[in-house]
Each structure stands twice: as C-alpha cells, then as structure tokens.
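Asks: next comes the sequence, and after it the predicted model I'd like to discuss.
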Amino acid sequence: MLFDIDHVPFSRKGRFLTISAMRIPGGEGERALYLRRVSGGDERPSLGRLCRLEFLDADGRAAAARFELSPEQLVVRTGDGSVRFVIGEGERLHIRGKKAGVRFHLEGSRYDYVYRTPDGEHCLVAAGENVKFIPRARLGDLAVSGKWERDRSTEVSFTLSGKRVFEGNVDFFRTVPPAEEPGSFEEALAAVTAEFAAWHRSIPAGVPGQDEAHRLAAYLLWGNTVPAEGALTRPAIYMSKNGMINIWSWDNAFSALGVAAFDGNLAFDQFAAVFDHQDASGLLPDYVNDREALFAFTKPPVHGWAVSCMMRDNPAFLTPERRAYLRDSIGRQVSYWLTHGRAGEEVLPSYFHGNDSGWDNASFFAEGGPVLSPDLPVFLILACEVLANLLEDDGEKAARWSRIADELQSLLIDTLWTGETFTARLSADPERSLPGESLIQFMPLLLGSRLPATMSRHLISRLVDRGFITDWGPATESPHSAFFEVDGYWRGPIWAPTTYLLWDGLQRQGERELARQVAQKFCALVSESGMAENFDARSGRGLRDRAFAWTSAVYLLLAHTLRAGNPVKS
C-alpha cells in the first residue's frame, strides 16, 4: 500500500495545512498523527507541529485507529465509528464523523493560549508557530479546554464529537479569521475531488500496471505545493511535507521538469521561486521557504540543462517573457561560478562544500573541499549552450557563450580526464584523484556529441563493469567501493535526480537500450517502495523521507518515456 499515512502526509495543493505522522516529543520513538502548518522551514525543531490528534469512540474514550489515505480525504476508522478529514478553501480543515470523536491537543510553545473572540468563538493561539485557529461545530459537540497559568494557557485542547453524526471545521490564520462562510464537509469534498481529478487527468500516462504509483506521484507533486507567502514569491513545490519543507535550488529544476508537460506556469514558478532571490553576484540561495532564503550553501547549476530538456519536450514552454527571465537569471548564475568559483580563467570552478554540489556527503568530499568535480563544468557548458542557442537574441553574446562552453570543455578534459574516467580532485591538490567510486564521474555523458566517442565508450563500459547499475538502478557509490554504505545518503543509495541525469546522459550518447533499462528499474523500484527520498541500492527499500517531490517528478517522466516507447531524442 503506497498511500500510507505513516509515510505520506495528507495535504492539498496550495496549502501549508497538513496532517502527518510524527514522533511524539520525548516519546522514545513513539509516533502519533499531528496537525501541522508546514511553514518556517526545516531548521525549526517543531516542523510546524500544532496539535496531536487523539481519536475517541462514541462514549468519548480513547480508541485505536485505522487510516485510509487518498488525495481527497483522510478517513480514520475507530471500531464502529469513523472520522473524515478534508482540506477546504484556504487553510481550512473540515471534519465529519459518526459514533466517534477527535481531540486536538495543542502541543506548542511557551506562550500558547486560548481565548474568546468578540463574537464569542474559541480561538487557540500557537504562539511559537505564529498561527491562530478557530474550531466550530455544525453538528454534534465542540468542547474547548485550557488552564490559565500566569501568562499562558496549559492543557489546551478542543474536541469534536457526537453520539451519531458530527461535523465541524477549523480555520487557520495569522491575523484575522477569513470572512467567508465555511460551507459543508460534502461541498469541500466535492471541490477537492474535482480539483485532483482534473490534475491527475492532465498528467501524461505512465506504465501499465503501475496505476497506484502514478497516482501517488501525481498526488505528491500536487499535495507538496505551498502558496506564495512571505519570502516565497511564487507557488512552490516543497520536496516533502514531512520534514523537507523548503524548495532547494536544484530540486526545483526536477520538480519543474515533472510538471512542465501539463502545467507550464507552475513549472516556471519553480525556477522563479528561487531565481527571484538570486544575489547580484549571480549566486543562488541553497533553499527558500516562506521565512527566508539561505545563502550558506548553494546548489549545482542544473537549470540550463533542465531548460534544454523542457524545450526538447515542449517548445511552447519558452514564451518571450520566460525566455527573457531565464536568459538573465541563468546568465548571472553562470557568471557567478566563473567569477567567484575559481581563481582565474585557466582553472575549473569548484564546489566549496558537499552541500553546494547537492551530493552532500559523497565520497569525493571525504577530505573536505573545495573540490573540482566533473559535473560542475558539465552543467556550466550546458547552460552556456542553452544561452547561446535558445535564450540569447544577441549574436555577439551568443558567440561569447559558445566560446566559454568550449573553453570549459577543454579545461574539463585537461584537468579531470584520467584516460579511463573523469575524476574529482581537491583544488589545493589538483594532481591527485580523490578516492571513491562515485556516480558523479559519469555526468559528462550529458555532453552528448560534444564528448569524444572514445571517452564515451570508456565511461559506459566502466558504468556497467563496476556494478553501478544494480537490480534497482544506479547507485550513487559503487557497491564495490570501500565508501559504499547501504543507508549512506550520497554514498550508495539510489536517488531520483542522479538516475534521471544518468538516463539523459545515456540517451544523449545513443545508448537507448541501457537508458531504457535504467528507466524500467527505477519505475519498478518506486512502484514497489513508493516515492522515497532515496533507496537501498541492494534491496530497493525506501529510505529517509518517503514522500518526495523530485522522486515523483522523475517517476512520471521516466514512466511516460516507457509508455511512449522511449521516443526522446538527443
């Protein structure tokens, strides 16, 4: 069962409001269902936690619960009773049940409190989360409790229940409650059902027999989207509404690729949500959320490559407005790496930290940085090609970008080609290859016909002979490497973005059959294990966060190529 509330949050497109399973603070690993508002970023220990949910039987006693999750609603079974949740307009939760009840325990911060509004309604304030909420009962009973202690309320909770049918709703807001009437549960359910159905219908068909995986991937790209608010200038697809509640500046490119075929506006927003915060130097933030943009790290410049993929698959994406925006943004991005990422034009730019590379703790960062890695010049070359061929309308500037691409390629080969593969080196020790067997060495396959045929043959033979492609897909560190770890993050597990980059590189080298095998393995993997952050390269088991957006995006992309007979041309 892929739709499992223990791993997959319940949410809705354009909402911060989320219900998901989390560890109970101080509970020694025990988990419970929590009502959350996933704002403020993933560095906050609370991760937007508001209330712990407790389910009751018809007599108000605590009851064991069984969960049924779908994109439209979360259904909770309690013996003969049930409680159903739907997310309605705005940040509004609708609840309907029978022979049951649900209690929301506010588990927040120092100054949480409850009070009566001038209209006589109960208002709960989660001060640390900067959120207020008003519960209401349409049918059945509402009970609100809280003890005043000096300057706050303790033991704050509210309960919706009924011997027969009960129905209520909860409004979440920052300043004043919304003015519109809440409407009924059934009206909210009908609206969200129609919305998701239209979204799902618009997505290109996938692999026959993998309907649940296709639906889950569609749901996560839809449900992981949050609205423009605060520092978020555009609607953003968060990586997850479990813990990874930011938009990172290379994750955004894969999410954009995943939705470009059926929602060009949302795809462009994924670029712009990050590029809107681009520094004057051209540096992109590591991530953005509604509270802040973080510049302690950055991410690899994959955006030119991503635009080339989108243009290949959907030429109509590049409207004049988008073209001008992306030309300027990607141009500044390339200039940052060429100006601030290296000591001069005669050397390659480098990553200062593993987080800058996106492969945070990969083996090529085992000795620290800065590191000369083969993927960085490749992405910059591809960005220069996009600028020269698609985005630039000035012939002289286009020629300059083409010249820079050629110069970077010469430096890449002269600096990092060993005769057998591309290696990574420390900037401070450029004559020595760093140890390890990382998948990063194969990223130059993305250069397509630019890559000399002898180098391409060496790389593809090495990819196969060194066992990188396991039964489940391409491991980020060869299982034969001393650095390989089953759950080692970027030291072995299979990741969606690197799988798609490798797949595209194989396509560009004309290795269609090997690319098809990679796509088949990955689609089978996620159909079995869900949309996990990464996967055990040996067993296929899903690891870490199990509701990831870029995994969903890559699945939909690869599943469609398999359905269509792998028609993508280099």
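Replies: Sure thing, it's come through.

Asks: so in that sheet, which strands flank the longest strand belonging to the chain, and in what orientation?
Replies: The strand that spans the most residues within the chain, counting by DSSP state E, is strand 152-173. Partners of strand 152-173 in the sheet, by DSSP bridges, are strand 92-106 (antiparallel), strand 131-139 (antiparallel), strand 141-149 (antiparallel).

Asks: winner for burial among these?
Replies: Across the strands paired with strand 152-173, the average number of neighbours (mean count of other CB atoms under 10 Å) peaks for strand 92-106, which reaches a mean of 23. From N, CA and C alone the C-beta is placed, and that goes for glycine too.

Asks: quick check: which helices or strands does whichever helix or strand comes after that strand pack against?
Replies: Next along the chain after strand 92-106, taking DSSP states H and E as the criterion, comes strand 113-116. Applying 3 or more CB pairs under 8 Å, 6 or more residues apart in numbering; DSSP states H and E, one finds that strand 113-116 contacts strand 122-126, strand 141-149, strand 152-173.

Asks: out of those, which is the most enclosed?
Replies: It is strand 122-126: most buried of the helices and strands packed on strand 113-116 by mean count of other CB under 10 Å, with a mean of 22.

Asks: which strands and helices sit next to that strand?
Replies: Short answer (3+ CB pairs under 8 Å, 6+ apart): strand 122-126 packs on strand 113-116, strand 131-139, strand 141-149, strand 152-173.

Asks: quick one on the thing from earlier: dump the strands paired with strand 152-173 into CSV; add distance to residue 171 and mean pLDDT as well.
Replies: Below are those laid out as CSV (distance: least, CB to CB, whole Å; pLDDT from 0 to 100):
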stretch, distance to residue 171, mean pLDDT
strand 92-106, 5, 97
strand 131-139, 5, 97
strand 141-149, 13, 95
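
Asks: out of the ones you listed, which comes closest to residue 481?
Replies: Residue 481 lies closest, by CB to CB, to one member of the strands paired with strand 152-173: strand 131-139, at 46.4 Å.

Asks: can you name the residues in contact with the closest one?
Replies: 37, 50, 104, 117, 121-126, 142, 144, 158, 160, 162, 165-174, 177, 182, 184 (CB atoms under 8 Å, 6 or more residues apart in numbering).

Asks: over to stretch 6-13?
Replies: By CB under 8 Å, 6+ apart, stretch 6-13 touches 2, 17-21, 31, 38, 67, 69, 74, 85, 87, 192, 195-196, 199, 216, 219-220, 222-225, 240-242, 530, 542, 546-547.

Asks: and for residue 470, the neighbour number?
Replies: Number of residues near residue 470 (other CB atoms under 10 Å) recorded here: 20.

Asks: ugh, wrong one, residue 116
Replies: Neighbours of residue 116 (other CB under 10 Å): 10.

Asks: distance of it from residue 173?
Replies: 16 Å (CB to CB, to the nearest Å).

Asks: could you do residue 64 as well?
Replies: Taken as CB to CB, the span from residue 64 to residue 173 is 33 Å.

Asks: what's the pLDDT at the spatially closest residue to residue 218 that is not a sequence neighbour?
Replies: Closest residue to residue 218 apart from its sequence neighbours, by CB to CB, 6 or more residues apart in numbering: residue 200 at 4.8 Å. Listed pLDDT for residue 200 reads 98.

Asks: for residue 566, same thing?
Replies: According to the model, residue 566 scores 55 on pLDDT.

Asks: and what of the one 3 residues further on?
Replies: What the model reports for residue 569 is a pLDDT of 47.

Asks: again with residue 219
Replies: pLDDT, read off for residue 219, is 98.

Asks: same deal with residue 559?
Replies: With respect to pLDDT, residue 559 has a value of 98.

Asks: for it, the count of nearby residues, please.
Replies: Neighbour count for residue 559, taken as other CB under 10 Å: 26.

Asks: let's number from 59 now, not from 1
Replies: Yes, from this point I'll number from 59; that puts the last item at residue 617.

Asks: tell me the contacts of it?
Replies: The contact partners of residue 617, by CB under 8 Å, 6+ apart, come to 264-265, 268, 271-272, 275, 577, 581.

Asks: scan those and report the most crowded one.
Replies: residue 275 (30 neighbours).

Asks: quick one: that residue and residue 613 touch, right?
Replies: Yes - shown here, residue 275 and residue 613 form a contact pair, counting by CB atoms under 8 Å, at 4.7 Å.

Asks: shared neighbours of the two, which are they?
Replies: With CB under 8 Å, 6+ apart, residue 275 and residue 613 have common neighbours 584, 589.

Asks: what's the domain layout of the chain?
Replies: As given by automatic domain parsing, the domain ranges for the chain are 75-252, 263-621.

Asks: mean neighbour count, those domains: which tops it?
Replies: Each of the domains of the chain was scored by mean neighbour count; the highest is domain 263-621, a mean of 21, by mean count of other CB under 10 Å.

Asks: gap between the residue of the chain positioned farthest from its centre and residue 78?
Replies: Using CA atoms, centre = their mean, the residue of the chain lying farthest from its centre is residue 208. It sits 42.5 Å away. Per CB to CB, residue 208 is found 33 Å from residue 78.

Asks: surely residue 286 touches residue 324?
Replies: No - between residue 286 and residue 324 there is no contact under CB under 8 Å: 11.7 Å.

Asks: what residues are shared contacts of those two?
Replies: Common contact partners of residue 286 and residue 324 (CB under 8 Å, 6+ apart): residue 293.

Asks: grab the nearest non-local neighbour of residue 128.
Replies: Using CB to CB, 6+ apart, the closest residue to residue 128 is residue 61 (6.4 Å).
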